[in-house]
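Asker: Here you go, sequence then predicted model.
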Amino acid sequence: MRRKTLLLSVLVVALLLMISATAALADPPSPNATYMGMKVCQGCHPDKASGLMQTLHPWKVRPVAEATVVADFSKGADVRTATLGGETRPLVLDDADYVIGASGRGWKQRFIKVIDGVWRVLPIQWNIATKEWVPYHPDDWQTKDYKELCAGCHTTGYNVDTKEFKDFGVTCEACHGPGSEHIAAGGGKGNAIVNPANLSFEAGNEICGSCHIRGMDKATGKHEWPVGFLPGGDKSIDDLYTFTTADSKLWPDGSAKGHHQQYMDWKMSKHAANGVSCWSCHAIHNAGEGEHQLRKAGDGVCLDCHTDKKDLVSHQPYMKAGFEAQPNTDWCIKCHVPKTAKSAVKYDIHNHTFRPPDPQKTIDFGGQDKMPNACNICHTDETPQWALEAITTGAVPVAAAAPAAEPTAAAPAELPTTGSSSTPLLPYALALIGLALLGGGSVVVLRRRS
């Protein structure tokens, strides 16, 4: 009896501590909170603000004067020709008021002109990788309202009723929620502000997912983001949004053909099922060490968890020649996160389902152009049948692909089954106390994946 009383006392103390910690870490702003802007946040969080400015997020859209314009307006006069203000001529930079992709890095730049109070995206796009102009909605650009379609994810604090916003680009409050009450309370961790890492696994990842998706809001069918979604709010993406099912944006296996669909891919992955979040791989407040804000360069992020795959020859013996020819190639990424979606040019966006290469699907759906697999993205001179034989039987010795010497398939990487490190602890404390009060036997704690 004394042991049970002691156990109960310990658990009560633990519960009180957890309640205190939970209150400090999970006190979101009220519906009355307003957006203050990144400059205000910067006053107390200069390092995070400075790091964020090195990423693409705050540069999603900016006034021309603040942008790094890499588009070459001395080229492509024929593609740049459009009718503006009753005059047909090649468009020039002076025609634009704002730049989409204002960092000059990434995939492309587009240009916005305010016409009769409406933000219109001009019918031209500069592809950064190929350094060329291509048309962008040349026939209907004057019917599309940029703010109505895009501003909810390209700005911070956008209001669909007033069509006003607080910050250009994706800044602090896009992920942490409006900060007026946090500031009025004198700041403090979790004080009227959201830390995505302290939300449930699903709710935290939905913050990233609310913009890395494609579809339409349910309320109006006019906005391409989940209108009404707030970090830590009571509405999920599913409550507010209808995901696209268009063949033009999805491959037959459901993975992305288009850009900003990473969350939709991830939801189908073993990563999502096993507690691997967006920020498990990607840096949040800085550019990271690797491409696309990866925390580590190359395969470093992958091999932190998949330690049993560090010996690549043991992982895939038939790839021995390729591994030896290119020992520092990003093999994990090229095989399990291949570029199969498009932002500016074909295959410039990584798939985020993290599935192993599947040449059989390519065969089933009629070829690489109908359902691409990672093997034949590199081995363009080989057939899907060849790739299938290589990865299923190992009978085909695979050397490095020429001339780019890209990798071929790797087998599925088995993920360790873990919960989110940010799983709220309060439910478990309550469960322990309840079991202790009921008495009898041992207490076994099963940690759920939140």
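Answerer: Yep, it's here.
Asker: count of neighbours near G221?
Answerer: 8 (other CB atoms under 10 Å). All C-beta atoms are positioned from the backbone trio N, CA, C, and that covers glycine.
Asker: meant to ask about I193
Answerer: Quick note: I193 (other CB under 10 Å) scores 25 neighbours.
Asker: What of the one 10 residues further on?
Answerer: The local packing count at A203 equals 19, with neighbours defined by other CB under 10 Å.
Asker: Tell me who's in contact with it.
Answerer: P196, G232, S236 (CB atoms under 8 Å, 6 or more residues apart in numbering).
Asker: correct me, but the last one touches E206?
Answerer: Yes: the criterion here is CB atoms under 8 Å, and S236 meets it with E206 at 6.3 Å.
Asker: Show me whatever sits in contact with both of these two.
Answerer: Here S236 and E206 share the contacting residues F229, scored by CB under 8 Å, 6+ apart.
Asker: Which residue of these two possesses the greater neighbour count?
Answerer: Higher neighbour count among S236 and E206: E206, with 24 against 15, using other CB under 10 Å.
Asker: Doesn't that one belong to a strand?
Answerer: No: with DSSP: H, G, I helix; E, B strand; the rest coil as the criterion, E206 is assigned helix and is not in a strand.
Asker: Any stretches of the stretch 351-450 of the chain with poor pLDDT?
Answerer: Applying pLDDT under 70 to the stretch 351-450 of the chain picks out residues 396-450.
Asker: ok, of the contacts of A203, which one's closest to H285?
Answerer: Nearest to H285 among the contacts of A203 is P196, at 11.6 Å by CB to CB.
Asker: Got the phi and psi for that closest one?
Answerer: Main-chain dihedrals, P196, degrees, to the nearest 10: phi -50, psi -30.
Asker: and what of the one 3 residues further on?
Answerer: Note on L199: its backbone torsions stand at phi -90, psi 170 [degrees, to the nearest 10].
Asker: Use 836 as the first number for this chain going forward.
Answerer: OK, 836 is where the count begins now, so the last one is L1034.
Asker: How many neighbouring residues does it have?
Answerer: When neighbours are counted by other CB under 10 Å, L1034 registers 23.
Asker: Apart from its neighbours in sequence, what residue is nearest it?
Answerer: Spatial nearest neighbour of L1034, chain neighbours left out: G1067 (5.8 Å); criterion: CB to CB, 6 or more residues apart in numbering.
Asker: Quick check: that neighbour is in a helix.
Answerer: No: per three-state DSSP, G1067 lies outside any helix segment and is coil.
Asker: From H1117, how far out is it?
Answerer: For G1067, the distance to H1117 equals 20 Å [CB to CB, to the nearest Å].
Asker: And the contacts of A1038, which is closest to V1180?
Answerer: Once CB to CB is applied, the member of the contacts of A1038 that ends up nearest V1180 is P1031, at 32.0 Å.
Asker: what's the neighbour count on that closest one?
Answerer: The local packing of P1031 (other CB under 10 Å) involves 21 other residues.
Asker: Please apply the same query to K883.
Answerer: With other CB under 10 Å as criterion, K883 counts 15.
Asker: I'd like the distance between it and C1007.
Answerer: Applying CB to CB, the value for K883 to C1007 is 8 Å.
Asker: How about H1117?
Answerer: Here the criterion is CB to CB. By it, H1117 lies 17 Å from C1007.
Asker: A906 too?
Answerer: 29 Å.
Asker: and if you look at K966?
Answerer: 34 Å.
Asker: go on, P1173?
Answerer: From P1173 across to C1007, the span is 33 Å (CB to CB).
Asker: And W954, by the same measure?
Answerer: 23 Å.
Asker: Show me which of those two is the more surrounded one.
Answerer: C1007 (25 against 20).
Asker: three-state assignment of the nearest residue to the more buried one once chain neighbours are set aside?
Answerer: With sequence-adjacent residues excluded and distances taken as CB to CB, 6+ apart, C1007 is closest to C876, at 4.3 Å. Following three-state DSSP, C876 is assigned to helix.
Asker: Show me the strands in this structure, by range?
Answerer: Shown for the chain, the strands assigned by DSSP state E span residues 896-898, 916-919, 922-925, 933-935, 943-950, 953-962, 967-970, 990-991, 1002-1003, 1050-1052, 1076-1078, 1174-1176, 1184-1185.
Asker: Between those, which one is closest to H1106.
Answerer: strand 1184-1185 (13.1 Å).
Asker: strand partners of that closest one, parallel vs antiparallel please.
Answerer: Partner strands and pairing direction for strand 1184-1185 (DSSP bridges) are strand 1174-1176 (antiparallel).
Asker: same question for the partner strand, mean pLDDT?
Answerer: On average, the pLDDT along strand 1174-1176 is 98.
Asker: Can you tell me what sits against it?
Answerer: Contact partners of strand 1174-1176, identified using CB under 8 Å, 6+ apart, comprise 1086, 1090-1094, 1096, 1182-1186, 1207, 1209, 1212.
Asker: again, only using 10 Å
Answerer: Residues outside strand 1174-1176 that contact it (CB atoms under 10 Å, 6 or more residues apart in numbering) are 1084-1086, 1090-1097, 1100, 1168, 1181-1188, 1206-1209, 1212.
Asker: Tell me the buried residues within those.
Answerer: 1084-1086, 1090-1097, 1100, 1168, 1183-1188, 1206-1209, 1212 (16 or more other CB atoms under 10 Å).
Asker: which stretches of this protein have low pLDDT?
Answerer: Ranges of the chain meeting pLDDT under 70: 836-861, 1231-1285.
Asker: Okay, domains of it per the record?
Answerer: Taking automatic domain parsing as the criterion, the chain consists of the domains 836-861+1259-1285, 873-1028, 1097-1228.
Asker: Reformat the ones you listed into JSON lines and put distance to R1049 next to each item.
Answerer: Below are those laid out as JSON lines (distance: least, CB to CB, whole Å):
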{"stretch": "domain 836-861+1259-1285", "distance to R1049": "26"}
{"stretch": "domain 873-1028", "distance to R1049": "11"}
{"stretch": "domain 1097-1228", "distance to R1049": "7"}
